[in-house]
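Asker: Quick one, fold the following:
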Amino acid sequence: MMKQIMFMVVAATVMMLFAVTTSPANGRDKLDEKVKQDTLAGVKGSCGMCKARIEKTAKGVKGVRAASWEQKSGRLFLTLDPGATKTIIAKELAKVGHDAGDEKAPKAAYDALPACCKYKR
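Answerer: Okay, here's the model as predicted:
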């Protein structure tokens with residue numbers, strides 16, 4: 001009899017834990033619904049140093065959770081919180097010397113890039 005009661009208690013505990021951790025009411029799903037995936041096209045660069053600079057700059061913008069730049073296509077893949085925009089990110093990239101979308105890097109910022117980072121303008 002005691003074994004049956006213990007088994008029922010353990011089974012009920014496991015079911016309750018499963019229900020709580022998979023419930024959308026735990027708040028995590030609600031937060032993640034606001035996060036969006038986006039792509040910024042036309043991000044110019046030419047090497048691994050560019051990739052590191054572009055991704056670091058993008059991730060430094062408030063509301064950017066993740067950034068991954070693909071050199072061949074010039075696309076910057078982003079995971080954004082509400083409020084973060086591609087326009088803000090493009091402006092920050094231009095400040096460090098990388099053309100991004102319609103935002104062109106100032107000549108001084110482009111000229112300050114290392115030689116391996118010079119891209120065709």
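
Asker: Identify the bridge partners of the residue nearest to residue 87 when sequence neighbours are not counted.
Answerer: Using CB to CB, 6 or more residues apart in numbering and skipping residues adjacent in sequence, the residue nearest residue 87 is residue 103, 7.7 Å away. Where C-beta positions appear, they are placed from N, C-alpha and C, glycine not excepted. Per DSSP bridges, the residues bridged to residue 103 are residue 100.

Asker: got the contact list for residue 103?
Answerer: Taking CB atoms under 8 Å, 6 or more residues apart in numbering, we find residue 103 in contact with 87, 90, 91, 93, 94.

Asker: residues near residue 105, how many?
Answerer: 21 (other CB atoms under 10 Å).

Asker: which SS state does it fall under?
Answerer: Put simply, residue 105 is coil when judged by DSSP: H, G, I helix; E, B strand; the rest coil.

Asker: quick one, strands of the protein?
Answerer: 36-40, 64-70, 75-80 (DSSP state E).

Asker: any chance of these in CSV, plus distance to residue 55 and mean neighbour count?
Answerer: Shown next, in CSV, are these (distance: least, CB to CB, whole Å; neighbours: other CB atoms under 10 Å):
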stretch, distance to residue 55, mean neighbour count
strand 36-40, 12, 14
strand 64-70, 5, 17
strand 75-80, 8, 20
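
Asker: looking at these, which is closest to residue 1?
Answerer: Taking CB to CB, strand 64-70 is the member of these nearest to residue 1, at 53.5 Å.

Asker: Show me what that closest one is packed against.
Answerer: Applying 3 or more CB pairs under 8 Å, 6 or more residues apart in numbering; DSSP states H and E, one finds that strand 64-70 contacts helix 48-59, strand 75-80.

Asker: May I see these organised as CSV, with distance to residue 38 and mean pLDDT added?
Answerer: Output for the helices and strands packed on strand 64-70, formatted as CSV (distance: least, CB to CB, whole Å; pLDDT from 0 to 100):
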stretch, distance to residue 38, mean pLDDT
helix 48-59, 11, 98
strand 75-80, 5, 98
